Structures are given as structure tokens and as C-alpha cells.
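# Mind looking at a prediction? Sequence and model below.
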Amino acid sequence: MNLKNKKNTKKTLKNKKNNSNTTGIGVLFAVALILALLIPHLKDAQKYVDTEIALNTLELNFQEGKYSEILIDWNKAVATLISATGATQEERNIVILPAGDSLKDLGLKNPEIQTNIVVKDNSSKQFWSGMLPTIILFILFLWVGFLLISKMSGMTNNAMTFWKSRAKLYDKDKDKVLFKDVAGAEEEKEELAEVVQFLKNPKKFKDIGAKIPRGTLLVGPPGTGKTMLARAVAGESNVPFLSISGSEFVEMFVGVGASRVRDLFTNAKKMAPAIIFIDEIDAIGKKRWPGTGWWHDEREQTLNQILTEMDGFDNDTNIIVMGATNRADVLDKALLRPGRFDRKITVNLPNLSDREQILQIHAKNKKIQKLDYKALASKTVWFSGADLGNLINEAAIISARHNETTISEVRVTEAFERIVMGMRKKSQVMNDEEKKITAYHEVGHALVGKLLPNTDPVHKVSIVSRWGALGVTWFLPERDKLLVSKAKYLDELSTLFGGRAAEEVFFGKENITTWASNDIERATEIARSMVTRYGMFEDIGTENFEGEMDHYSGQAQRPYVSDDTIKQIDKKVKDILKAAYNIAIQLIKDNKDLHIKISEDLLAKEEISEEEFSAYFA
Ligand code: ADP
Ligand code: MG
Ligand code: ZN
């Protein structure tokens, strides 16, 4: 994988260089042309003094024999006055007729007058030489504009590839990714193994009359290895892998996306069997909104082209289209119909053992001293594969910055905290009053959480500002939990109110602050969900009161709920919150001395670790 990256950057660098060379030559050429066109005019300006006169003045002057030469050129006459001897500049009179009129048969004939009269009949040539600078400028503008556009769209090769798809083609051998490179994800791999079979031996499926699947959609949160898995399918089946991102289809010109799709599929057909991978397919495959605008049209055209191409596959087209998105819910139903992306594979966040394996894969080529991968894996709940890779890399960067030759566990912890809590911002100053309130507030969360049975352990309490937050109390789940019990939710509500309750107990009802707003928001959300979605209260009933989300309006569509029920729900939510708050107040009042002690320690130390916190309760 590193290999592939290196190769790609090299390639683009080279292209860039070529490109800027041609640009340089082009610019030189243009400047030379403009100069060449201008210089004769500059010379003229030095040599002659020109005055524009009326036609009859010219005739009069001619009759008086003032001119040595008259050059008649379609609608322009240039008459050179007989100059005084020794003059460095010649004086000329110029007559210009409105375009369309011609001076060609001007009746300037007088045998007594020695004027050299030249009638040039090169009107058409004149036209071109007159237009030439304009035409050149026009072409120049077009060319510069095109260069700019292609630069913006990241195109590096030549102008004509603009309309072509810019799909990346991975080298079958060098950039190979195999299933074994993707840690965990066993179920996903199992499902994808079928696709590999199709690509490897399509005949087996055709002989028995099976229809070859067209499209496979990988759905999951960002960084869970969707791209990796798609590439691994290509690697395992040893077929070319054409990859493009949905956003790359949608350019600023209508029609470009569709033409790129055509090109992409044409290329793939030439290489078949092959995999076309469309990353971020939601960028083009969004539900069709009743909106308007060029962007909308462009997206729709691109999407239609993809659908058309996929419909055009026959059973001998050995191309599998794979798409990845983290939002399958926004995809147009047309994309998900049979014969299109009819297979959906959910790629989940890694579980505990997956995380351990992913960490190990990423640690492989890094100089890590000794690391308890299991412990780190259990700390990194909700981390995606990409986050885990990032964590190891961040640790390596921190170590290098400290001029260390290996990565120690301390650095890994540092990287972990940095990623989760944001960078330490010691510079942000709080006044003492704010600091004190923050400390008591945070200890409120920690204390209530610790005293209630169904909560996660406290990992750290801190009043070091990070990411603009004045302080945090950080609870860490011991293991992945997908289900939350009613008891846990209730304890969590009290824990959330621990902060505000502490403010009230120690600083008085009038001095509570805005610091609790996030806590209140979260608590309200939980309490409401408990009542309206999880059916956790018998008196309200096990019924969904929220309804489906409507994707057009972005609002929940309420099912038919009577006013009475709505009132009941509102009252229930209020009661739950009130009860939870009272529990928090009671616990803090009962443990006032301990609360003060921990808060004062926190003020002095700014951070209290898991062990230090547990020690207070030993
Ligand atoms: P997605 O396409 O789902 O956003 P990617 O496939 O681009 O995720 O993964 C991003 C990076 O995260 C990969 O390059 C890899 O380093 C790491 N990664 C993600 N999942 C895994 C995994 N299961 N095993 C190993 N590395 C992983
Ligand atoms: Mg990806
Ligand atoms: Zn709080």
C-alpha cells in the first residue's frame, strides 16, 4: 500500500512538471506574438505624425499638390505630406470612411500634380490582418481559461482528457490488497468472497443459469475499510480495479459527469473482467429532490448515465460495480433496484478483537517498544480502522518530534488523548472564578457517576481546556455495549445533571451557569427517547410516538397521537428529568466534604486520572 502511494505521487509529480513546461513555452510564445504584432505600430508612431482629416479636405489638399504619396486602401486613405527638408518625422493625413464604404475609386486624377497614388486592393487581406490580433487574443483567452479549469479540476495530463473519466487504475500486482490486509471484518469478507468467486469463475455461475450480480454497495461509517475491502476483492480475484469518487463526476459543466461515466464503463469493458469502484456514491446517488439548478441537473444526468450503463450489461459483461457510502439512507431507490446495486454489505465499526488486530497491522512497520494491544483496543471504543491507524501514526509523529528512536507506550497514550480530547490548550485562560465553578461542576458529574451503579467508569476529570471546552469528565465504557438498559439511562441522566446540581449546591440557586447546556440537551434527548422510542414506561406504553424521519422535509412525521397523549408524554419527560436531577442533588449533598476535597485537588492539579479518582473511594 505504501508502494502504491509512492508510485502515484511520483507519477503526478512528473506530469505536473511536463505540464508546467508546456505552459511556460506557451506563455513565451504568446508574449512573442503580441510583441511582434505591436512593434511595427510602435515604430510607425515614432516615424509619422498622423492627423485625421475629412475626405473633402484630402481632395482639396490634393488639388493644391500638398501630398507626395497617397495610399488608398479600401476604406482608409493615408496621404503623406511633402515634408520640409531635414525633418525627422513625416506628416500624414488620414481619412477613414465608415466601415462598408470604399475609397477605392476616389477620383484623384490630375496629371499636373506629382503625387504617387497607390490603390491597394487587398481589402480581404486587410480584414484578416486587422482581425488577427483580436483572433489571437481570443484564442489566448480560451487557452488560458482552459488551463485554469483543468488545473482546478486537478487534471494533469492533456486537455482532451477533461471529458474522460479520471478513474484511478490500480496496478494489479504492485498495489495489491488482499483480504488478509483487512483486519477483522470477517462477515464482510465472507459476503464479498462470493463476488470474488463470480469474477474468478463466471462460467460456473452462468452454466447453472445464475444471473451475475451487477452492483455491490458497501455501507458503513467513514474509515471502516470500505475502500480497502473493495480493493481486496480486486486483489483476491486478480482483476483490474478502476476507482473513482462520486464527487469527481460532478464538475462545473453540465454533461461532463455523464460523459465521464460513459468513458469509465467503456474502459472497464475493454479490461473485463474488472471492478468499477465508485466511492462516495451518495454524492451522485442522492434521492432526487424536487429541486432545480444546474448542479441538480448535472447530478441527475450523471446518475442516469450510471443506471443506463448498468442496465446495459448483459450476462457476458464481467464487470462488477462496487459502491461505497456512509449514508445508504439518502440513496435514490433507483440505484438499489435489482440489476443495479442489489447487494448491500454493511461494514461495521470494528469490535474489540478487530481493533486489536487493526492496531497490530498498523504497528507492524513502526518501531513500537512494547504495547498492550488488548488494553488499547478496549480503550478505543467507537474508533474506526482509520482512527486506529491514525492513532499509531500520531504516536510515531509525537515520538519523532521528541527525537526518540522508538515509540513508547506513553506516546501512544498521548496520541490517544490527543485524538479523543483534542489538543491541549493550556494557553486558554479562565479566571479563577470560572475555574472553580468548572472544577466543582466536573467533579459533580464524576462523583454522581461513581456513586450510581449503572454507569461507565470515570477515565479522567480535567479542567485543562481542550477544543474550547473548559473542562471534561470522561467516562469510558468497559466494553462495547450495543444495548442500553433503562437503569443505565436513568443513572446516566443523574450523572449528566451532576454538573448543574453541584453548581446549585455549592454556589447557590442564583449562581448556576450556562456551562450545563450540553448536559441538559443530552439529558432531554435521552429522556424523550426513553418515552417516545424505547417504550420504557408502562404508564405511557410501548409505542413509537416519533414516527419516521421524512427525507424531504428533514422533519419527523408524527404518527397520529392525541393531544392528551402528547401532554402525557411531555409530563413524563419532565418527571423523569426532575427525578434524575433530584437524585444528583441528594448524592452531592450527602458527599459534600468529599466533593470539596476532590474539587480542590482538581483545581490544584488540573487533571485527575482514573486511579487517582478511584483512590478517593477506597
Ligand atoms: P472507508 O473507505 O471506509 O472510509 P478506508 O478503506 O479508506 O475506509 O480506510 C482508511 C484507512 O483505515 C485504511 O487505509 C487503513 O489504513 C485503515 N483501516 C480501516 N479499516 C481497516 C481494517 N479493517 N484493517 C486495517 N486497516 C484498516
Ligand atoms: Mg473510502
Ligand atoms: Zn457538564
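Okay, I see it. Numbering: from 1, shown residues only. Ligands and ions are numbered 1, 2, ... in the order given.
# When you work out contacts or count neighbours from here on, use the C-alpha atoms and nothing else.
OK.
# what's the domain layout of this protein?
Using automatic domain parsing, the domain parsing of the chain gives 53-121, 168-346, 352-421, 432-615.
# Reformat these as JSON lines; add distance to residue 47 and mean neighbour count.
Listed next are the domains of the chain as JSON lines, based on distance: least, C-alpha to C-alpha, whole Å; neighbours: other C-alpha atoms under 10 Å:
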{"stretch": "domain 53-121", "distance to residue 47": "5", "mean neighbour count": "15"}
{"stretch": "domain 168-346", "distance to residue 47": "51", "mean neighbour count": "19"}
{"stretch": "domain 352-421", "distance to residue 47": "70", "mean neighbour count": "17"}
{"stretch": "domain 432-615", "distance to residue 47": "72", "mean neighbour count": "17"}
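# List just the one of those that sits closest to ligand 3.
domain 432-615 (4.7 Å; C-alpha to the ion).
# Mind checking the pLDDT average for that closest one?
Domain 432-615 comes out with an average pLDDT of 88.
# and what of stretch 96-110?
Mean pLDDT, stretch 96-110: 70.
# Secondary structure element holding the residue nearest to the spatial centre of the chain?
Central residue of the chain (C-alpha atoms, centre = their mean): residue 247, 8.3 Å from the mean position. Here residue 247 sits within helix 246-249, counting by DSSP states H and E.
# Please apply the same query to residue 134.
Following DSSP H and E, one finds residue 134 within helix 123-152.
# residue ranges for the helices of the stretch 51-200 of the chain, please.
Counting by DSSP state H, counting those that start in this stretch, the stretch 51-200 of the chain has these helices, from start to end: 55-63, 123-152, 186-200.
# now the stretch 301-450 of the chain
Secondary structure of the stretch 301-450 of the chain by DSSP H, counting those that start in this stretch: the helices cover 352-363, 373-379, 385-401, 409-421, 432-451.
# what packs against the helix holding residue 247?
Packing partners of helix 246-249 (3 or more C-alpha pairs under 8 Å, 6 or more residues apart in numbering; DSSP states H and E): helix 256-271, helix 282-285.
# strand partners of the helix or strand just after the first one, parallel vs antiparallel please.
The one in question is helix 256-271. Per DSSP H and E, the first helix or strand lying C-terminal to helix 256-271 is strand 274-279. Strand 274-279 has the following strand partners under DSSP bridges: strand 241-245 (parallel), strand 319-325 (parallel).
# Of those strands, which is nearest residue 51?
Closest approach to residue 51 among these (C-alpha to C-alpha): strand 241-245, 64.3 Å.
# quick one: that closest one to helix 256-271, angle?
With axes from the mean of the first three to the mean of the last three C-alpha atoms, to 10 degrees as the basis, strand 241-245 and helix 256-271 are set at 170 degrees to each other.
# so for strand 241-245, what's the average pLDDT?
On average, the pLDDT along strand 241-245 is 86.
# and the chain, which of its residues are near ligand 3?
499, 516 (C-alpha under 5 Å from the ion).
# Please enumerate the strands of the chain.
Along the chain, the segments classed as strands by DSSP state E run 48-52, 67-73, 76-81, 90-96, 116-120, 168-170, 215-219, 241-245, 274-279, 319-325, 343-346, 458-462, 472-475, 607-609.
# Given the second one, what are its sheet partners and their directions?
Looking back up the chat, that one is strand 67-73. Next to strand 67-73 in the sheet, as set by DSSP bridges, lie strand 76-81 (antiparallel), strand 116-120 (parallel).
# Distance of residue 444 relative to residue 420?
Counting by C-alpha to C-alpha, to the nearest Å, the gap from residue 444 to residue 420 is 22 Å.
# Then residue 570?
For residue 570, the distance to residue 420 equals 35 Å [C-alpha to C-alpha].
# And residue 96, by the same measure?
Counting by C-alpha to C-alpha, the separation of residue 96 from residue 420 is 78 Å.
# circling back: ligand 1: which of the helices and strands packed on helix 246-249 is closest?
helix 282-285 (13.0 Å; C-alpha to the nearest ligand atom).
# Quick one: check the closest one for contact with ligand 1.
No: shown here: helix 282-285 not in contact with ligand 1 (C-alpha under 6 Å from any ligand atom), separated by at least 13.0 Å.
# Run the chain-centre distance for that helix.
Distance of helix 282-285 from the chain centroid (C-alpha atoms, centre = their mean, to the nearest Å) equals 13 Å.
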